[in-house]
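Peer 1: here is the input, now give the coordinates:
(2 chains)
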There are 2 protein chains.
Amino acid sequence: MEEEKLFQELLDKISVATRFDYASSLLDWDQQTQMPQGGAEGRALIFAAVKTQGFRLFTSDAIGDILRKLNKVEGSSLSPEKLLIVQRMSVIYERAKAIPPDLFEAFNVAKSKAFTIWAQAKKRSDFGLFAPTLEEIVELTRKIAECYGYESHPYDALLPDFEPGLTTDELKKIIEPLRAQLVPFVRALTEQSDKPDESLLQGHFPQDLQMKLSQEALNLLNYDFNRGRLDLTVHPFTTSVGPDDIRVTTRVSPWKIAHCLFPTMHEAGHALYEQGKDPLLKWLYLDKGISMGIHESQSRMWENMVGRSRAFWQFFYLKLMDIFPYYKNILFEDFYRAINVVKPSLIRVNADEVTYNLHIMLRAELEADLIAGDKILVKELPQIWNAKMEKYLGVSPKNDAEGVLQDVHWSSGYFGYFPSYMLGNLYAAQLFATAKKEISNLEEEIAKGNLKILLEWLRPKVHRFGLIYEAPQLLREVTGEGPNPKYWLEYIKEKFSPIYGLK
Amino acid sequence: MEEEKLFQELLDKISVATRFDYASSLLDWDQQTQMPQGGAEGRALIFAAVKTQGFRLFTSDAIGDILRKLNKVEGSSLSPEKLLIVQRMSVIYERAKAIPPDLFEAFNVAKSKAFTIWAQAKKRSDFGLFAPTLEEIVELTRKIAECYGYESHPYDALLPDFEPGLTTDELKKIIEPLRAQLVPFVRALTEQSDKPDESLLQGHFPQDLQMKLSQEALNLLNYDFNRGRLDLTVHPFTTSVGPDDIRVTTRVSPWKIAHCLFPTMHEAGHALYEQGKDPLLKWLYLDKGISMGIHESQSRMWENMVGRSRAFWQFFYLKLMDIFPYYKNILFEDFYRAINVVKPSLIRVNADEVTYNLHIMLRAELEADLIAGDKILVKELPQIWNAKMEKYLGVSPKNDAEGVLQDVHWSSGYFGYFPSYMLGNLYAAQLFATAKKEISNLEEEIAKGNLKILLEWLRPKVHRFGLIYEAPQLLREVTGEGPNPKYWLEYIKEKFSPIYGLK
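Peer 2: Next up, the predicted model:
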């Protein structure tokens, strides 16, 4: 009983810290969707103050004391799920505690300012404009890595913010064999002469109609609009600005239909995960230190394994034709092939499922080297970026906007985040393979527009408590084995070989 | 020099508190413009935590110590303007210090919840739905009044939050002679047979075009969109979510053109005031304790003395015809008379300039009695409201939505705010009379669309440092005498007698 009381006290104390964290998420969401330019300077100070207050409250000694009392391997009277919360919060707490609040605040001021500068630099396609800011962010990130501590590589210190348990070495062990199989497969596909006709996805698609299509997709995916909303941004994202206020954003290119719908479904995957979590987790301080790989597995699953599947479009093509009658004159099969074209390209968020992981490998290597400090300099980034693009994907950015400036992550201080996307792809395939085994009529149901059947499978297995597991643990629970890239390789080979007429 | 250093330290410390206050304003703005329904419960806790943190930091002993050291009547080495800041902050500090932070937080949780409940109750026009919440707010407000302390009336304790220096008795001394002159003047106007034709303002006005017209008006008024934005809400308002991020909202009735444009210009008046303040004031903690009467003088001036003037429309009518070609067939004079119709009506925010103050008198009396505790009960409000409407204005609400539920203020805990609107009308007329004296060609310039001439007159005299003066002090500085209602009475008589053909 004493432990139950202590546990409740823990939740109460953490909840107070989390209120500030939610508020800071709103300040960030607003900065990206609503804020006028002139607000940027003040916003940086406001954001950092609120964010840091959450951090200060969370790293209080009182919370540390309770965690130490409750965190025992044996003899606890708490339920297994509560004990799991204690364990996860203990890890997050100890890491947070390693960072002095002043450094935390300085980092957050820098990030908020950097976002605006990055956005301007990207608009003007001028890396030089962003470089000094990025240097500052890298410098601060290195300091944070020192605070966390590491054995062999400073990048090791950062990875657990996004993928608890992962190290630079392990990452390499995943990347290298995967690349060894991936590169020839991409080559085999791209060498096929009968290619999908991408031009079907180009045309004139007015913004309001694209947003309508996105809305329809979100409804079909059972995204709960009573606890969220959809807005336009430069860079799509999902954020929780409250326990029951999980917002998604998307973007529109008026001439490319896929550039809005699929990001929307991607973000919906993140949001469904957050909207499905257990009420016990709703006020936990989960700013960092949860598996973003699992998080990304949800976004990638809904975006690709569902959103780019034949089954999904058997239902959704009617909606598409409804909103864009142009597609009445397009053969379903041609459309299906078009949304699954495989083609080395410049922009990660537009990359196809097969080449996507190559984009990630490039970034993971670059950021690990940047953080190492003595390997590459910020000013060398554009050049190295372009060279690696050429090497892995055989394409070359014409300018910084479609090269090194394309992603928001570094301006947000997210060093160590990128690998989550790749892991997300791998985990998604592994989870989806299990879902197909356990729901024998999954594809038929998706083809009828019944996506709830998948959501209801994910809810208790992944969404409810998933946030506080390390990825290998969760995968073992749900799929019966630890992370295994073979599922993803099988998935892409099975899916893309027939599309390209490969044997 | 010592004092300069201390003053800088004061500003720095207050600025940290103000960051949280700005963040809480964003949480509130978002709640009213963007937040999905499901977010309401969590938002109340988040809002209150952030708001209270600002309050806690501001009421710190460290700030109190510095204020005491700097606040001297004689022998200060600070500039007069800095000394003024010290004095105003000292008053605000002492009042804030009287409230225990726990009571402050409970009040803010209650307010945030109350907003959502009020909005629902208004939608359903059901005061019973809102009554228990309002009782809670009144109870908490009474507690706060006790903390502030007062001599004769608890309402005295609250008024200085919105109008420093004002008492219930003085308010009565303004209201009663004003009403004595106003009621017969309204009667004289409404008894005239040649009335303006209001139906010219009715029709079908699509939302996007009304918003466009509002945008045009804001541009003409020199509202700075780089430091602000315009959104739609149920209840128009202005809020500063940062030192350079001053947002206005408006609303649209698709069949009534005046119901969007004039509220927009009203809010623009507030925003111009905030956008014009001296950089020294930008991070001051001014949550309460500044003259909202002066604030409202700015909104009422731009809305009415400019926005409903013949001169303004000599320029702006072209824009109107551009956006709504219907007005090409309407005589300018008929339009001018229509926007200046005087007609006792139910809704304060739609009331004409002449009857508006009667709406305020009713509210001021009701809220003073509510706060007194033993005079009227919350559940009696609808009945008393309706009776007073009948008595002062000769009209009767058909339901609660157009009666006691129409205003957001009480759900926001703003008891003592309403008188500011009336005072604002009076102050606006007094300031505008001086402006006309000092800018001899003011009307000609307005008729050319040059509204900057008025703004530039207001900037140094009212906007720059106005926020930290008490109203009588500021009026003496700018107009050469203390508050005097005769200017407003002269203004309405001079303006409305010819419109109604009164001698």
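
Peer 1: report the buried residues of stretch A:153-171.
Peer 2: Within stretch A:153-171, the residues scored as buried using 16 or more other CB atoms under 10 Å in any protein chain shown are A:153-164, A:166-168, A:171. For every residue, glycine as well, the C-beta is placed using N, CA and C.

Peer 1: now do stretch A:363-373
Peer 2: A:363-371.

Peer 1: those in helices, which ones?
Peer 2: Mapping the buried residues of stretch A:363-373 onto helices (DSSP state H) picks out A:363-371.

Peer 1: turn those into TSV, including pLDDT.
Peer 2: Below are these laid out as TSV (pLDDT from 0 to 100):
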residue	pLDDT
A:363	97
A:364	95
A:365	93
A:366	95
A:367	95
A:368	94
A:369	94
A:370	94
A:371	94
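
Peer 1: thinking residue A:360 is in contact with residue A:424, fair?
Peer 2: No: using CB atoms under 8 Å, residue A:360 is not in contact with residue A:424, being 9.4 Å away.

Peer 1: the nearest residue in space to residue A:192 that is not next to it in sequence: what's it in contact with?
Peer 2: Once flanking residues are discounted, residue A:192 sits nearest to residue A:500: 4.5 Å by CB to CB, 6 or more residues apart in numbering or on different chains. Residue A:500 makes contact with A:188-189, A:192, A:194-195, A:342 under the criterion CB atoms under 8 Å, 6 or more residues apart in numbering or on different chains.

Peer 1: rewinding a little: could you dump the buried residues of stretch A:363-373 into JSON lines and include distance to residue B:399?
Peer 2: Listed next are the buried residues of stretch A:363-373 as JSON lines, based on distance: CB to CB, whole Å:
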{"residue": "A:363", "distance to residue B:399": "60"}
{"residue": "A:364", "distance to residue B:399": "63"}
{"residue": "A:365", "distance to residue B:399": "67"}
{"residue": "A:366", "distance to residue B:399": "64"}
{"residue": "A:367", "distance to residue B:399": "61"}
{"residue": "A:368", "distance to residue B:399": "66"}
{"residue": "A:369", "distance to residue B:399": "69"}
{"residue": "A:370", "distance to residue B:399": "64"}
{"residue": "A:371", "distance to residue B:399": "64"}
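
Peer 1: and the two most separated of those residues?
Peer 2: Across these, no pair lies farther apart than A:363 and A:371, at 12.2 Å, counting by CB to CB.

Peer 1: so which of residue A:360 and residue A:424 has more stuff around it?
Peer 2: Here residue A:360 and residue A:424 are compared on neighbour count by other CB atoms under 10 Å in any protein chain shown; more neighbours surround residue A:424, at 30 against 20.

Peer 1: nearest residue to that one in space, please, no chain neighbours.
Peer 2: Closest residue to residue A:424 apart from its sequence neighbours, by CB to CB, 6+ apart: residue A:296 at 2.5 Å.

Peer 1: again with residue A:101
Peer 2: residue A:56 (5.3 Å).

Peer 1: what about the one you found, which helix or strand?
Peer 2: helix A:40-58 (DSSP states H and E).

Peer 1: quick one: list the elements packing against the very next helix or strand once past that helix.
Peer 2: Per DSSP H and E, the first helix or strand lying C-terminal to helix A:40-58 is helix A:61-70. Counting contacts by 3 or more CB pairs under 8 Å, 6 or more residues apart in numbering or on different chains; DSSP states H and E, helix A:61-70 is packed against helix A:2-33, helix A:80-97.

Peer 1: ok, which of those comes nearest residue A:398?
Peer 2: When those are compared by CB to CB, helix A:2-33 sits nearest residue A:398, at 26.2 Å.

Peer 1: what's the angle from the closest one to helix A:61-70?
Peer 2: 130 degrees (axes from the mean of the first three to the mean of the last three CA atoms, to 10 degrees).

Peer 1: how far away is residue A:137 from residue A:290?
Peer 2: Computed as CB to CB, to the nearest Å, the residue A:137 to residue A:290 distance reads 22 Å.
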